[in-house]
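Peer 1: 3D, please:
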Amino acid sequence: MCDLPILRAHRSRDSYDGERTVGIDENNLRTPTCGVRWRAWRRCGARACGDVWRSIHFLQRFFTKYLTTTEYSIDPARSHPSAVRDANKRVQKNAIYAMRWRDGALAVDARAIRKMCARARNAVSSASYASVTRRRGAASMTPTPTVILDLDGTLINTEQLVDEVVGAVVRDLTKGALATSTIHDALERVRGMRPMDATRELISRLSLDIAPEALLAATSPLLNARWGEVQLMPGAMRLLQHLQTKGVRFGLATSTPREYFALKMASHTRVVEMMSCEITGDLVVRGKPDPEIFELAAKTLGADATACVVIEDTPVGCEAGQSAGMRTIAVPSIRDRAAFESCADAVIHSLYDLDLAKFGLPAFEDWLPLDDGSADAVLPIAPVVMRGPVVKGFGRGAKELGIPTANLDVAALKFQVDSLAPGIYLGFAKLRGEIYQQVMSIGWNPFFDNAKKTIEPWLLHDFGDDGDFYGEELELVVSAYLRPEADFTTLEALITRIHRDAEVAKTMLQREELKHTVKLLH
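Peer 2: Residues are numbered from 1 along each chain as shown. Below is the predicted model:
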């Protein structure tokens, strides 16, 4: 038991309509006093608070009021009768274990009460959202496929920013004693967790001499000031618009607490408006990898777990979805793809590569087939223009592959690069005043296992001895996505595939759907 109770119930000599009342003293609650007096049952008599079961009834009524008057409340206008019943059942089930008498008054264990509050709030939240869903005409517990999406690393590209900011704070805290790679690996291991849970785990993994609250207090203001920089993940809007057009219900289940969620999505309000629900990390007692957040999302959406498809970027998120009885698609934000083998039904490279039909969802219809009997196809994307001087790469394009590339500096083009998933693209290039077709790779080139991200366009023209472009201005327009990066078994297989990519680019860039993008080059 906690030495300092957060709730004390006592008899009051005040009267309300001539009946004896029970007063409330809300010590240590983070909300203003409700200022409400409850009428005790007539049969309680002089020992209204001495009867345990009647005290439980008092607690039920108190928490019902608590849930609809505090800053943690659900809008009463959106509440549902079953929510109150569910909350009361939860309180009645647990209250007996949280109470004891002290100094003639009923004292309650603070930790137990807070857990009861959280469970009851979840019940109210779930039933309330479900009632809204029913009022909108959706059937409860429908078997229709439903999609539940993670936020960070799945829909918005926050992971790079978190790694940069938290990594810098940790390096400063340890005075550079930890290698950057060690910090990065630890940060990847805690992705998908709620902020405080992730902070505790990070401190444990790196053996940091700092309290979790202190580290979170150091990083939060820095992140809050920069959430506006965050872009949508490549293919995110395409996915949401497709699901919305096809009438597929989808919602959000994120470890991000509501206060951070509002800051992260301030520049992406359209995404929030498209969601049927947003379940944030503060609405559940246990964070991922516990399935509670996905169970609440499914209940909110009125969907059976077996009909839900979860799209996640972290192992803890996929584990949570799998434990909830849902099918999971992993779009990894970490480089250890093997970590998803036991917890994901499919592991893809980016949202561009989603095959929704495999999960009973309407298939995308925007891929352009090559029409030569092969399986090759390209995906038109919102054109991305890049400009900059040609820089030195790894020196292997012409020497090892016989494919001369004209690399651009990733750091100078970070905004454009972040809007594109790692993979192979096609488009047009302008060099020395002339226009050329081009096929390019963006990413780490798994065959060579690059230590850093690169932009490597191959201009589809034989420049002969005049192919040294270092320092010259190169302008590119990226028109379509061709395929993800792949790790080939031999160098010959890689070369063969690159030449096939060039053939596809030459053919598809003649199509009217892509040909017009050349006009974006000055």
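
Peer 1: Show me the chain divided up by domain.
Peer 2: When the chain is parsed with automatic domain parsing, its domains come out as 8-135, 146-154+230-359, 159-229, 368-520.

Peer 1: and those domains, which is most packed in?
Peer 2: Most buried of the domains of the chain, by mean neighbour count (mean count of other CB atoms under 10 Å): domain 146-154+230-359, with a mean of 21. Where C-beta positions appear, they are placed from N, C-alpha and C, glycine not excepted.

Peer 1: Show me where the stretch 251-400 of the chain has its helices.
Peer 2: For the stretch 251-400 of the chain, the helices defined by DSSP state H, counting those that start in this stretch occupy 258-264, 269-274, 292-301, 315-323, 397-400.

Peer 1: gap between the nearest residue to residue 339 once chain neighbours are set aside and residue 192?
Peer 2: Spatial nearest neighbour of residue 339, chain neighbours left out: residue 315 (4.6 Å); criterion: CB to CB, 6 or more residues apart in numbering. Distance of residue 315 to residue 192, given as CB to CB, to the nearest Å: 7 Å.

Peer 1: Please apply the same query to residue 235.
Peer 2: Residue 235 is 20 Å from residue 192, by CB to CB.

Peer 1: For residue 462, give me the pLDDT.
Peer 2: pLDDT, residue 462: 89.

Peer 1: So it, which state does it fall into?
Peer 2: Judged by DSSP: H, G, I helix; E, B strand; the rest coil, the three-state class of residue 462 is coil.

Peer 1: what's the answer for residue 439, then?
Peer 2: With three-state DSSP as the criterion, residue 439 reads strand.

Peer 1: going forward, begin numbering at 29 instead of 1
Peer 2: OK, 29 is where the count begins now, so the last one is residue 467.

Peer 1: got the contact list for it?
Peer 2: Residue 467 sits next to 452-454, 485-486, 488, 510, 526, 529-530, 532-533 when contact means CB atoms under 8 Å, 6 or more residues apart in numbering.

Peer 1: Same question for residue 210.
Peer 2: Neighbouring residues of residue 210 by CB under 8 Å, 6+ apart: residue 234.

Peer 1: Got phi/psi on it?
Peer 2: Recorded main-chain torsions at residue 210 are phi -70, psi -40, according to degrees, to the nearest 10.

Peer 1: same thing with residue 455?
Peer 2: Dihedral pair for residue 455: phi 180, psi -150, per degrees, to the nearest 10.

Peer 1: Could you give the bridge partners of it?
Peer 2: Going by DSSP bridges, residue 455 is paired in beta bridges with residue 466, residue 506.

Peer 1: any idea how far it lies from residue 215?
Peer 2: Distance from residue 455 to residue 215, by CB to CB: 33 Å.

Peer 1: what do you get for residue 342?
Peer 2: Separation of residue 342 from residue 215 (CB to CB) stands at 11 Å.

Peer 1: Now do the contacts for residue 173.
Peer 2: For residue 173, the contacting residues are 276, 335-337, 387-389, by CB under 8 Å, 6+ apart.

Peer 1: which one among those gets closest to residue 520?
Peer 2: Of all those, residue 520 sits closest to residue 387, with 35.7 Å by CB to CB.

Peer 1: Show me the beta-bridge partners of the nearest residue to that closest one once chain neighbours are set aside.
Peer 2: Leaving aside its chain neighbours, residue 387 sits nearest to residue 337 (4.8 Å; criterion: CB to CB, 6+ apart). On the basis of DSSP bridges, residue 337 is bridged to residue 175, residue 355.

Peer 1: show me what contacts residue 337?
Peer 2: With contact set as CB under 8 Å, 6+ apart, residue 337 has these partners: 173-176, 354-357, 387, 389.
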